[in-house]
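Below: sequence and its predicted model.
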Amino acid sequence: MLVVMETHYWIKGLVIGFSIAAPVGPIGMLCIRRSLNQGTVTGLLTGLGAATADACYGCVAGFGLTVITAILIKQSGWLQFAGGLFLCYLGLAAFKKQGTERASAHESHGYLRAFGSAFLLTITNPMTILSFAAIFAGAGIAAASNGYAASMTLVAGVFFGSALWWAVLTGSLKLLRRKLTRKAHQWLNRLSGVILLLFGIWSVAGFFI
């Protein structure tokens, strides 16, 4: 019975993690750009950074940590502002890039930067914790009331569900990357830079509205 219940939570977590990660937003744009410019590993690590942040917020919602949730919601404006500024920076940096970035694709600090930047962008998005809280409540998943084992299984499912989406996305871009010319990479940098910058401006503007 316990195994069946934990399998049930695992599947729910997979579905939740995949569904939250799948919509293409600034993280998706960043992941696509890095996959095509720097390679599959860098793109995947970008996605895993977001998946780790999703799992952190999953822990907050899954274990019913209402105090932390309240603090995050209270500071959501500043988190949104900081995330918006970071997006503006990444957008401007992407716009200025010329061609591919293969030289940095095999550097360990480049991998760490890819992971860390996606983690920070996701963790500073106040909508993430609100999404998890709403989905968990709507699905009738009351964290600690169902036991810590169930909650841990649920959070693990969220992480792997999110990671699965990023693996599918980056894997599907592998063939496309080989066909892109240097000129196409330049236009990709400019387009992704503009999109990231617009996302950043929108987030910063939301702080003042």
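Sure, I can see it.

what's the burial count for residue 9?
Using other CB atoms under 10 Å, residue 9 has 22 neighbouring residues. C-beta: built from backbone N, CA, C; applies to glycine.

any idea how far it is from residue 128?
Applying CB to CB, to the nearest Å, the value for residue 9 to residue 128 is 20 Å.

Show residues contacting the helix or strand where residue 17 lies.
Under the criterion of DSSP states H and E, residue 17 resides in helix 2-21. Contacts to helix 2-21, defined as CB atoms under 8 Å, 6 or more residues apart in numbering, come from residues 47, 50-51, 54-55, 58, 128, 131-132, 135-136, 139, 141, 146, 149-151, 153-166.

That one: how far from the chain's middle?
Mean-position distance between helix 2-21 and its chain equals 18 Å (CA atoms, centre = their mean, to the nearest Å).

Report the next helix or strand after it in sequence order.
Downstream of helix 2-21, the first helix or strand assigned by DSSP H and E is helix 26-38.

ok, and what's touching that next one?
By CB under 8 Å, 6+ apart, the list of residues contacting helix 26-38 from outside reads 24, 42-44, 46-47, 50, 87, 90, 94, 97, 100-102, 104-105, 110, 114, 117-118, 121-122, 166, 169-170, 173-174, 176-177, 180, 185, 188-189, 192, 195-196, 199-200.

Where does the prediction get shaky in this structure?
Along the chain, segments meeting pLDDT under 70 span 1-6, 61-73, 75-76, 98-109, 126, 129-130, 132-148, 209.

quick one: the helices in it?
Ranges of helices in the chain, per DSSP state H, are 2-21, 26-38, 40-62, 66-74, 76-96, 108-123, 126-138, 148-179, 182-208.

From the contact counts, what lies against the last one?
The criterion is 3 or more CB pairs under 8 Å, 6 or more residues apart in numbering; DSSP states H and E, and the helices and strands that helix 182-208 contacts are helix 26-38, helix 76-96.

hmm, back to that, quick check on the contacts of helix 2-21: which are buried?
Buried by 16 or more other CB atoms under 10 Å: 47, 50-51, 54-55, 58, 128, 131-132, 135-136, 141, 146, 150-151, 153-166, out of these.

that older thread, would you mind checking the contacts of helix 26-38 for buried ones?
Neighbour counting with 16+ other CB under 10 Å marks 42-44, 46-47, 50, 87, 90, 94, 97, 100-101, 104-105, 110, 114, 117-118, 121-122, 166, 169-170, 173, 177, 180, 185, 188-189, 192, 195-196, 199-200 as buried within the contacts of helix 26-38.
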